[in-house]
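Visitor: Give the three-dimensional model of this entry:
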Amino acid sequence: MSSDQDKNRQRMKQLMEKPGNGNCADCGAAGPEWASYTLGVFMCQSCSGLHRNIAQISKVKSLLLDPWSKSEVELMDSVGNNAAKAKYEQMVPVFYYQPTHKDCILLRDQWIRAKYERKEFMCVEKQEPYSAGYREGFLWKRGRDNGQYLSRKFILSEREGVLKYFNKHDAREPKAIMKINTVNATFQPTKIGTPHGLQITYLKDNSTRNVFVYHEDGKEMVDWFNGIRAARFHYLQVAFPGALTSDLLPNLTRNYTKEGYMEKTGPKHTEGFKKRWFTMDDRRLMYFKDPLDAYARGEVFIGCKDNSYSVHPGLPLNIQGSHWQFGITIVTPDRKFLFTCETKEDQKDWITAFQTVIKRPMRPQEYAVKAYFKHKP
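Guide: Residues are numbered from 1 along each chain as shown. Now for the predicted structure:
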């Protein structure tokens, strides 16, 4: 019996060498150590836990620790990751966000459910919630002033090119209109404090406005997210008719380059340093008194080295008033910005984030953004 087990385990190791099986079928993580013996796919430990949520469809085992029967091994051999992808991902819309191992649990859970449980990518009609170009529904939205979450009606209209919400269910005029060309959406479960928390941002008078929302139903939240991505994709196709799809996709939605607390001082460098929450969104460095503030207290444009932008560890001599000792100096054509970090690791991470942006050449549309900053009150 044990020799049969050894043979089966050896065969499973060989199957892991087949093309496609060396990465998780769902998030792409390298070296999967689990598998679904009903679906025939190899996966990482994290995704195996999510497969347990659809136990009626997917039954998982450890590749190395659990016993494998001959019939189970034969099923794994007959399917495998590449064949499963060809079946369950055959009609994934180009704009649909396919999560990686770095993404939040909600995105990965709903991706797995969409593929195997709802079979959304085997039938175009099932994709209507995010592909129709119009969506309306109610989301819990955080109040700008009191932090209380209240039910608000949201409408996403691709034809109008807007996402809008209404303060009252029977209101005729929206409280806010967000133009799709400036909208971004990113899941922020830790910051918002709910697994389904989504941060939506848009530009209002060239200042970034944050809207924090969630819904109890994970599918509802991910459908809104992909609906925004669809609207953004179709807007960009019209705005840049000659652009390749591969060039448009990274611009549908984006996660922030980095977020966290630093201390800052004012333009004269004589004011005391104050602790603020910083968000690096591409070339916009924003700071907030609280991570969930609706508006930034200030925004700094971070250009490229060819335009005299640079970042350096430490602070100029004779600078006082900081509580944290790990300084950062950002040099711009107009002035120096001084920050301090609590730990050396934080300092290193922020400098790396700044350097990544500063080393990258400016794109044509970024010069327009820079011009707005020049004229911003």
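Visitor: So which elements touch the helix-or-strand element of the chain with minimal mean pLDDT?
Guide: When the helices and strands of the chain are scored by mean pLDDT, DSSP states H and E, helix 364-374 comes last with a mean of 75. Packing partners of helix 364-374 (3 or more Cβ pairs under 8 Å, 6 or more residues apart in numbering; DSSP states H and E): strand 298-301. From N, CA and C alone the C-beta is placed, and that goes for glycine too.
Visitor: Could I get the average pLDDT for the strand it packs on?
Guide: The average of the pLDDT scores along strand 298-301 is 92.
Visitor: Stretch 267-287 too?
Guide: 92.
Visitor: and the end-to-end length of it?
Guide: 14 Å (Cα to Cα, to the nearest Å).
Visitor: Flag every buried residue along that stretch.
Guide: For stretch 267-287, a neighbour-count test (16 or more other Cβ atoms under 10 Å) marks 269, 273-274, 276-287 as buried.
Visitor: And these, which is closest to F301?
Guide: The closest of the buried residues of stretch 267-287 to F301 turns out to be R283 (Cβ to Cβ; 5.9 Å).
Visitor: Please list the members of the buried residues of stretch 267-287 that lie in strands.
Guide: K274, R276, W277, F278, T279, M280, D281, R284, L285, M286, Y287 (DSSP state E).
Visitor: coming back round to it: what angle separates the least confident helix or strand of the chain from strand 284-288?
Guide: On the basis of axes from the mean of the first three to the mean of the last three Cα atoms, to 10 degrees, helix 364-374 is oriented at 40 degrees to strand 284-288.
Visitor: Run the chain-centre distance for helix 364-374.
Guide: From the chain centre to the centre of helix 364-374 is a distance of 24 Å (Cα atoms, centre = their mean, to the nearest Å).
Visitor: which residues sit against it?
Guide: By Cβ atoms under 8 Å, 6 or more residues apart in numbering, the residues outside helix 364-374 that reach it are N206, R283, R284, E299, F301, G303, M362.
Visitor: give me the number of residues near the residue nearest to the first one when sequence neighbours are not counted?
Guide: Pointing back at N206 there. Leaving aside its sequence neighbours, N206 sits nearest to Y372 (Cβ to Cβ, 6 or more residues apart in numbering; 4.6 Å). Close neighbours of Y372, defined as other Cβ atoms under 10 Å, add up to 13.
Visitor: right, and the helix or strand after the lengthiest helix in the chain?
Guide: For the chain, the helix with the greatest residue count under DSSP state H is helix 218-239. From helix 218-239 onward toward the C-terminus, using DSSP states H and E, the following helix or strand is helix 245-248.
Visitor: picking that back up, report the mean per-residue pLDDT for the longest helix of the chain.
Guide: 97.
Visitor: mind listing what's buried in that helix?
Guide: Buried residues in helix 218-239, counted by 16+ other Cβ under 10 Å: 218-236.
Visitor: Compute the inter-axis angle for the least confident helix or strand of the chain and helix 218-239.
Guide: 100 degrees.
Visitor: Show me where the stretch 51-200 of the chain has its strands.
Guide: Taking DSSP state E, counting those that start in this stretch to define them, one finds strands in the stretch 51-200 of the chain at 60-62, 134-142, 149-157, 162-166, 176-179, 184-187, 198-204.
Visitor: So what are the sheet partners of the shortest one and their directions?
Guide: Under the criterion DSSP bridges, strand 60-62 sits next to strand 34-36 (antiparallel) in its sheet.
Visitor: ok, residues contacting stretch 301-316?
Guide: Outside stretch 301-316, the residues that reach it (Cβ under 8 Å, 6+ apart) are 269, 280, 283-285, 322, 326-333, 336, 338, 340, 347, 351, 354-355, 357-362, 369-370, 373.
Visitor: If any of the residues you listed are buried, put those into a PyMOL selection.
Guide: A single PyMOL command selects the buried members of these (16+ other Cβ under 10 Å):
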select buried, resi 269+280+283+284+285+322+326+327+328+329+330+338+340+347+351+354+357+358+369
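Visitor: so of the contacts of stretch 301-316, which ones are in strands?
Guide: Per DSSP E, the contacts of stretch 301-316 map to strands at M280, R284, L285, F326, G327, I328, T329, I330, V331, K336, L338, T340.
Visitor: Let me see the contact set for the residue nearest to the second one when sequence neighbours are not counted.
Guide: Spatial nearest neighbour of R284, chain neighbours left out: E299 (5.6 Å); criterion: Cβ to Cβ, 6+ apart. Contact partners of E299, counting by Cβ under 8 Å, 6+ apart, are S207, T208, R284, L285, M286, Y287, F373, K376.
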